[in-house]
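*Asks:* Sequence below, structure please.
(2 chains)
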Amino acid sequence: MINYRNITIAIFLALLPALLMAQSQTTSTAETINVIIIEMSVSGELNQPIDELEMQFSQNPFGLPAQQNERLMELYSEAFEPESTLQSIRNTFDENFDPQHAESVMVWLEDKITQEVHEAEKEFYTIQGTRKRIVSKYELEQNPPEQERIQLMQSLAQRTSAADTEIESRVIIFRAMINAFSELSPQQSFSSSQIDGFAQNFRNQMKAQVNEQVTNHLLTKYHGVDDSSLEEYISFYDTEAGQWLSETTSESIFAALETASEQLIKSVSEVE
Amino acid sequence: MNKKSLLILALSILFYGCSTTEPTTQSDPAPKKEQQVQEEPVDFSTMLEPPQGWHHLDEEKSQFRGISSQHAYETILSNKSPEKEVVVAVIDGGVDAEHEDLQNVMWINEDEVPDNGEDDDENGYVDDVHGWNFIGGKDGENVNHDTFELTRLYEQLHPQFSDVDTTSLSQEEQEQFAYYKEIRSAYEDKIKELEQQYNNIQSLEQSKEEAEKILKKHFADTTYSYEDIVELEPTNQEVGFAKNVMTYVLENDIDSTLIADQKKQIYEFAKYGYNPEFDPRSIVGDNYEDKSERVYGNNDVAGPDPSHGTHVAGIIAAERDNNLGVNGVAINTRIMAIRAVPNGDERDKDVANAIRYAVDNGADVINMSFGKGYSPHKEVVNEAIKYADEKGVLMVHGAGNEAKNTDQSESYPTDNYGGMFSDSSATLWLSVGATTWKPNEEFIANFSNYGEETVDLFAPGVDIYSTMPDNKYEFQEGTSMASPVVAGTAALIMAYYPDLSPQQIRQIILDNVLRYPDQQVRVPHEGNPQESETALFHELSSSDGIVNVYRALQAAEEMSN
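*Replies:* Coordinates of the predicted model:
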C-alpha cells in the first residue's frame, strides 16, 4: 500500500521553501505598503476632507433637529474612523501592488530631498502643522508668491492629480451626507437622481475653483520648502513608478472614502 | 444643494472669537448724533446701528435701554458739585495718556518728578507718572503679543507626557497625566477651531466679492441699500445666492476692514497666542519663577497697542462736555493706567502686581476688562484680590465673551480667593455681563458670559462709542465695554457721595439695577445661535438687572441724608 502520509509530508516539505517565501513576500509587501503610506502621509491627505467636512456638517447646515444632527455626526465619526479607513488604503495598495514600482518608490523615499519634502508634509498634518497652516495662508495672502513658485505648485498638482483627488474625495463624502440627510429629515427626502444632481452641482462648483484652491493648498503645505528641492521631488512623478504611486494613492483614498460612505449610509438607515 | 449654499450655511457658524481683551472692532468714520428725546417709536427690528453714546440714554425718554446717566446729569447732579476726586485704575493693554479726550483726566502721581530716572516717591517704580507697565523691560522694550495660558500649560506638560509610558506612572503622575490629556484636548480643539474660523472668513470674503459682482450687474451699477436687498425677489439661483450673502453682510455690518481685522487677529492667535515655541517673557527681564517679585517693568503705560485700554478708559472718564469726542460715565475721576494685559493672556504674576500697584497708589476702583480660562498661579492673584478687598478698593471685572455660564465654568480672575478649602471671596467685587440696545429677545449680547450666581449685573456692552489711540473714536463691543460702564458708575457715586463706603456703593449699584421681570432673552450660546434657548433676563445674573446711574444716585442721595 502506498504510504499516503509519507507522500503528503514529502510534498509539504518540498513546497515548504516556496510557502515560506510566499509568506515572507506577503509580510514584506505589507511592510512596504505601510512605509509608503506613512512616508507619503496618505492618511493625512485622506483625513483632510473628512475633518473639513465634519466641521462644516457639525454646524448643521441642513437644519436637522439638533439631536438628529448630533447622532448623524456620531455615525459619521464611526464610519470614517481612522483605523478602518487606513485599512481600506492598505487593501487598495495591496490589490495594486507592483513589486518593481514599489521598489523604485522605496529607493526614492530614502533620498534626502524626498525626506525633506515628506517631513514638511508630515508636519502639515500635525496639530502644529494645522497652526502653521493658518500662519502660512495669511502670510501668502499678504505677500503673494512669485509666478514661478505658483507654476511649480501647478506642476506638482498636475502630476499627482491633486485637483481630481480634491474634488472626488469631497463629492464622495458630500453625496453620503445628502443621502444621510434625506434618510433622517422628517421634512425632506431626495430620490437617487436628485442626489446625483446635487452631487454633480457640487462637483461643478468645485471644478470652478479647485485649481486655485489646490495651488493655494500646496503653497501652504510646502511653504518652507525651496523651489529646487520641489523641482527634484516632482520629477519622480514623471517616471512609471511615480505614476503608479500617484494613481494608487488616489485610488486608495477614493476606495477608503467609498467604503466609509457606504458604512455611514447603512448606519443611518438603521437609525430608528 | 451646491457648494455656494453650503458656504452660505457655513456663514451661520461664523463667530468672532473675542476674549475680553480682543473685542470685535468696528470703526465708524461718521458717528451719528446723540439721540434726542424720542417721541416716535423706534423700529428696533430694522435698525442696524444705534446712536452714538446710546448707553448714556434713559429708556423712558429715548426707548434705548441705556444707563440713564445723561438723565442723571441733567437732573440729580445739575445742582450738585462733586466732592471728591476718584481714581479708577484701568488694568489693561495700555492707555493713550495723550488722547485729547483723556489727557486731562489721567491720574498724575504728584510725588513723582517726571522722567528724572528716579523713584522719587520710593514706591519701587521709577517715573510712574500715570501708572505702570508690568509687561515691559527696563530698556523700554515692551511685550506686545504673548501666548494664551492654555498654550503655556500645553507647552509645559506636552514634553513631559506626550510619549510617557502610562503603566509606569505613580498615582500623582496619573492625575497629572489626566490633566495633561484635558489640556491637550482643549489645545487641539482650539487650533482646529481657529483653522475653521479662518476658512470661514475666507469663504465669507470670497462669497461677498462674488455677491457684490452679481448685485452690481443686477442693479445695473446703481447703488443699492439694505432695503433694496431685502425686497429683492431673485429670479435665478445666482441672484438668490447674492441676496442671502449680502443680507447677512449688511445685517452684521461686515465690511472689508472687519474681515481684514478678523483675519489678522486669527493669524496673530496662530502665530503667537497658540504657538508653544513663542516666549516673549525675556523682554520683561524679571525672574518669572519668583511670583512674589513686585518690581519690574517700565513706565510706558501706552505700550505698542493701547487700543483696548484707551477705549475702556474713555467709557469710564473721557472728559465730559468739552465739545470733544465722547462723555465718560464719571466726572472728577482720574484714570490710573496699568499695563498688564498683552495681546494674548495676561500672566497671574502681572495681574497680582497690577492690583497691588493700584491699591498702594491710591486707586478707589479697579477695572479689569480681561479674563482667561486657566489660572495656574491663582494663589498670587487671590492674595492680591484679598489685599485690595481689605483696603477697600472696589474691583469691577468683565464677565467674559465666551457665551458661557460662569456658574459652571470660571473666567479668571474671580472673586473667590479662598482656594480649595474655603469659600472666602471678595466683598468688593462686581462681575459684569453685556447687554445690547435691543429691547427684545436679543437684549443680552450674544457673546456675553452670564451666571445666576457669578455674574452680578449687566451693563451696555454692544456698539459702545469711545476713545481710541491718536485722538480717534470707534464703536466696540464686549464685556470689556460693559465693565467700565459699571466702574464709571461706581466712580461717579464716589465723587458725589464720598462718605459712602465702597461696600455701600456696591450695594447701591446692585439694589438699583433696572429689572425686566418678564423679558425673555436668548441665552448666549457658543455654537449655532439658532440653537440657543431662551430664558428670563433675571435668571442670568444675581441682581437680575442692568446698571442704572439715575436710580443708583437717587439711592445714594437718600442714604447720605
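
*Asks:* just the strands in chain B please.
*Replies:* With strands called from DSSP state E, chain B shows them at B:25-26, B:86-92, B:131-133, B:333-339, B:365-368, B:394-398, B:429-435, B:457-460, B:464-468, B:472-476, B:514-515, B:520-522, B:534-536, B:545-546.

*Asks:* Let me have these in TSV, extended by mean pLDDT and distance to B:Tyr198.
*Replies:* C-beta: built from backbone N, CA, C; applies to glycine. Converted to TSV, the strands of chain B look like this (pLDDT from 0 to 100; distance: least, CB to CB, whole Å):
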stretch	mean pLDDT	distance to B:Tyr198
strand B:25-26	33	18
strand B:86-92	98	27
strand B:131-133	98	32
strand B:333-339	98	29
strand B:365-368	98	30
strand B:394-398	98	26
strand B:429-435	98	26
strand B:457-460	98	31
strand B:464-468	98	26
strand B:472-476	97	22
strand B:514-515	96	40
strand B:520-522	95	27
strand B:534-536	94	32
strand B:545-546	98	35
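
*Asks:* how about JSON lines for these, with mean neighbour count and distance to chain A added?
*Replies:* Below are these laid out as JSON lines (neighbours: other CB atoms under 10 Å in any protein chain shown; distance: least, CB to the nearest CB, whole Å):
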{"stretch": "strand B:25-26", "mean neighbour count": "20", "distance to chain A": "18"}
{"stretch": "strand B:86-92", "mean neighbour count": "29", "distance to chain A": "26"}
{"stretch": "strand B:131-133", "mean neighbour count": "29", "distance to chain A": "28"}
{"stretch": "strand B:333-339", "mean neighbour count": "29", "distance to chain A": "26"}
{"stretch": "strand B:365-368", "mean neighbour count": "31", "distance to chain A": "29"}
{"stretch": "strand B:394-398", "mean neighbour count": "30", "distance to chain A": "27"}
{"stretch": "strand B:429-435", "mean neighbour count": "29", "distance to chain A": "24"}
{"stretch": "strand B:457-460", "mean neighbour count": "29", "distance to chain A": "27"}
{"stretch": "strand B:464-468", "mean neighbour count": "27", "distance to chain A": "24"}
{"stretch": "strand B:472-476", "mean neighbour count": "21", "distance to chain A": "23"}
{"stretch": "strand B:514-515", "mean neighbour count": "16", "distance to chain A": "31"}
{"stretch": "strand B:520-522", "mean neighbour count": "18", "distance to chain A": "15"}
{"stretch": "strand B:534-536", "mean neighbour count": "13", "distance to chain A": "15"}
{"stretch": "strand B:545-546", "mean neighbour count": "25", "distance to chain A": "30"}
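
*Asks:* can you tell me which of those comes nearest to B:His145?
*Replies:* Among the strands of chain B, the nearest to B:His145 by CB to CB is strand B:333-339 (13.9 Å).

*Asks:* what's the spacing between that closest one and its chain's center?
*Replies:* 16 Å (CA atoms, centre = their mean, to the nearest Å).

*Asks:* if we can go back for a sec, A:Phe198 is nearest to which of the strands of chain B?
*Replies:* Set against A:Phe198 and scored by CB to CB, these come closest in strand B:520-522, at 32.3 Å.

*Asks:* measure the closest residue to chain B within the stretch 51-200 of chain A to A:Ile178 for me?
*Replies:* Per CB to the nearest CB, A:Pro61 is where the stretch 51-200 of chain A lies closest to chain B, at 3.3 Å. Look at A:Pro61 and A:Ile178: by CB to CB, to the nearest Å, they are 11 Å apart.

*Asks:* repeat for B:Asn123
*Replies:* In terms of CB to CB, B:Asn123 sits 68 Å off from A:Ile178.

*Asks:* More neighbours: the two, which one.
*Replies:* Neighbour count, other CB atoms under 10 Å in any protein chain shown: between B:Asn123 and A:Ile178, A:Ile178 has more, with 20 against 16.

*Asks:* Minimum distance to chain B, which residue of the stretch 151-272 of chain A gives it?
*Replies:* Among the residues of the stretch 151-272 of chain A, A:Gln205 lies closest to chain B, at 3.6 Å counting by CB to the nearest CB.

*Asks:* That residue: how many residues sit nearby?
*Replies:* 17.

*Asks:* Next up, identify which helix or strand it is on.
*Replies:* helix A:192-221 (DSSP states H and E).

*Asks:* average model confidence for that helix?
*Replies:* Confidence for helix A:192-221, expressed as mean pLDDT, is 89.

*Asks:* So which elements touch it?
*Replies:* helix A:112-124, helix A:127-142, helix A:147-159, helix A:162-184, helix B:3-11 (3 or more CB pairs under 8 Å, 6 or more residues apart in numbering or on different chains; DSSP states H and E).

*Asks:* for those, which one sits closest to B:Gln408?
*Replies:* Per CB to CB, nearest to B:Gln408 of the helices and strands packed on helix A:192-221: helix A:127-142, 26.9 Å.

*Asks:* and that closest one, how far out from the chain's middle?
*Replies:* On CA atoms, centre = their mean, the centre of helix A:127-142 falls 22 Å from that of its chain.

*Asks:* got a list of contacts for it?
*Replies:* A:122-124, A:216, A:219-221, A:223, B:187-188, B:191-192, B:194-195, B:198, B:202, B:263-264, B:266-267, B:270-271, B:274-276 (CB atoms under 8 Å, 6 or more residues apart in numbering or on different chains).

*Asks:* Would you write a PyMOL line that selects the buried entries of those residues?
*Replies:* The buried subset of the contacts of helix A:127-142, as determined by 16 or more other CB atoms under 10 Å in any protein chain shown, is captured in PyMOL by this line:
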select buried, (chain A and resi 122+123+124+216+219+220+221+223) or (chain B and resi 187+191+192+194+195+198+202+263+266+267+270+271+274+275+276)
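
*Asks:* Tell me which of the contacts of helix A:127-142 fall in helices.
*Replies:* Filtering these for membership in helices, criterion DSSP state H, returns A:122-124, A:216, A:219-221, B:187-188, B:191-192, B:194-195, B:198, B:202, B:263-264, B:266-267.

*Asks:* so where's chain B shaky on pLDDT?
*Replies:* Scanning chain B for pLDDT under 70 picks out the ranges B:1-39, B:418-422, B:528-531.

*Asks:* So the spatially most central residue of it versus chain A, what's the distance?
*Replies:* Central residue of chain B (CA atoms, centre = their mean): B:Ser480, 1.6 Å from the mean position. The spacing between B:Ser480 and chain A, counted by CB to the nearest CB, to the nearest Å, is 24 Å.

*Asks:* Would you check that that residue makes contact with B:Gly398?
*Replies:* Yes - under the criterion of CB atoms under 8 Å, B:Ser480 makes contact with B:Gly398 at 5.1 Å.

*Asks:* Pull the contacting residues for the residue nearest to the residue nearest to the centre of chain B when sequence neighbours are not counted.
*Replies:* Spatial nearest neighbour of B:Ser480, excluding adjacent residues (CB to CB, 6 or more residues apart in numbering or on different chains): B:Ser369 at 3.6 Å. B:Ser369 is in contact with B:20-21, B:90, B:92, B:308, B:312, B:397-398, B:478-481, B:483-484, counting by CB under 8 Å, 6+ apart.
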